[in-house]
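K.L.:
Quick one: sequence and predicted model below, then my questions.
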Amino acid sequence: MFRIRATLRAPEIRLGAYKAAFANAAEANIAQSAFVWVSTAVAIIPVWSGASRATFEKLASDISFNFENTPKSPGIDARDVGRAESEGGVSSDRNNGVFRFTYATSLEHLIFNENNDANQGGDPNVFFRLINPGPYNFVEQANDAARPVLEDFVPPNVEAYITVRQVR
C-alpha cells in the first residue's frame, strides 16, 4: 500500500508582537517630531512676560524637553496665564493604532502676533512697543520642521514577524 500525504501550512503571523513593535516605533517618531516642533516654535517666540512660551510647557513636559522661559520684564511674570490658556501633549491609542501630539492655545496676544505685527496696531493687549513683533508664523515653521520626521517614519519590517514552514 502506498500512502501519499500533501500538507500545506499557513504562515504563522505574530500580529501582537508586530503591533507592539509598530507602536513603540510610532511613539518614538511622534516624540521626536514633537521635540522638533516645540524646539522650532520656542526658538521663534520671544520672551517678555513668559506667557507665550509657557503655552508650550504641557507638550514639552510629555517629551522631557526643557527650554528657557524666564520673564525678561521686571515684575511681570505671566507664565501661569500661558499655562492656563493652552493644551498639549503626546497620546497613544495602541488598540486603534493612533499616535499623535497636540498643541492648542487661546492666549490672545500669541494668536494675534502669529499673523500680525502688534506694533502696527490692532492688538488691545499691547501696551508697550514690542522689540520682536510678529508676525511670528511659528505654526507654519514648526510644522515644516516636524513634517520630515513624520514622513521619514519607517515601520518595523513585517516579514520579521511571519514564519513560513517549508512543505516536505
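P.N.:
Nice, thanks for sending it over.
K.L.:
Enumerate every residue touching the residue nearest the centre of the chain.
P.N.:
Nearest residue to the geometric centre of the chain (C-alpha atoms, centre = their mean): residue 34, 2.7 Å. With contacts defined as C-beta atoms under 8 Å, 6 or more residues apart in numbering, residue 34 is in contact with 59, 62-63, 65, 90, 101, 146. From N, CA and C alone the C-beta is placed, and that goes for glycine too.
K.L.:
Same check on residue 30?
P.N.:
90, 92, 99-101.
K.L.:
Select the longest helix from this structure.
P.N.:
helix 15-44 (DSSP state H).
K.L.:
can you give me how far that helix is from the chain middle?
P.N.:
Centroid separation for helix 15-44 versus its chain: 7 Å, with C-alpha atoms, centre = their mean, to the nearest Å.
K.L.:
Could you find the closest non-adjacent residue to the residue nearest to the centre of the chain?
P.N.:
If the residues on either side of it in the chain are set aside, residue 34 comes closest to residue 101, at 3.9 Å by C-beta to C-beta, 6 or more residues apart in numbering.
K.L.:
Can you list the residue ranges for helices in the protein?
P.N.:
Using DSSP H, the helices of the chain run over residues 15-44, 51-54, 57-62, 79-84, 108-115, 138-151.
K.L.:
Give me the angle between the longest one and helix 108-115.
P.N.:
With axes from the mean of the first three to the mean of the last three C-alpha atoms, to 10 degrees as the criterion, the two stretches helix 15-44 and helix 108-115 enclose an angle of 90 degrees.
K.L.:
and residue 80, how many neighbours?
P.N.:
Counted with other C-beta atoms under 10 Å, the neighbours of residue 80 add up to 11.
K.L.:
can you list the weak-confidence ranges in the protein?
P.N.:
The model of the chain has pLDDT under 70 over residues 117-134, 166-168.
K.L.:
80 instead?
P.N.:
For the chain, applying pLDDT under 80 flags the ranges 5-10, 116-135, 165-168.
K.L.:
Measure how buried residue 51 is and give me the count.
P.N.:
26.
K.L.:
Could you verify my assumption that it touches residue 108?
P.N.:
No - assessed by C-beta atoms under 8 Å, residue 51 is found out of contact with residue 108, at 10.0 Å.
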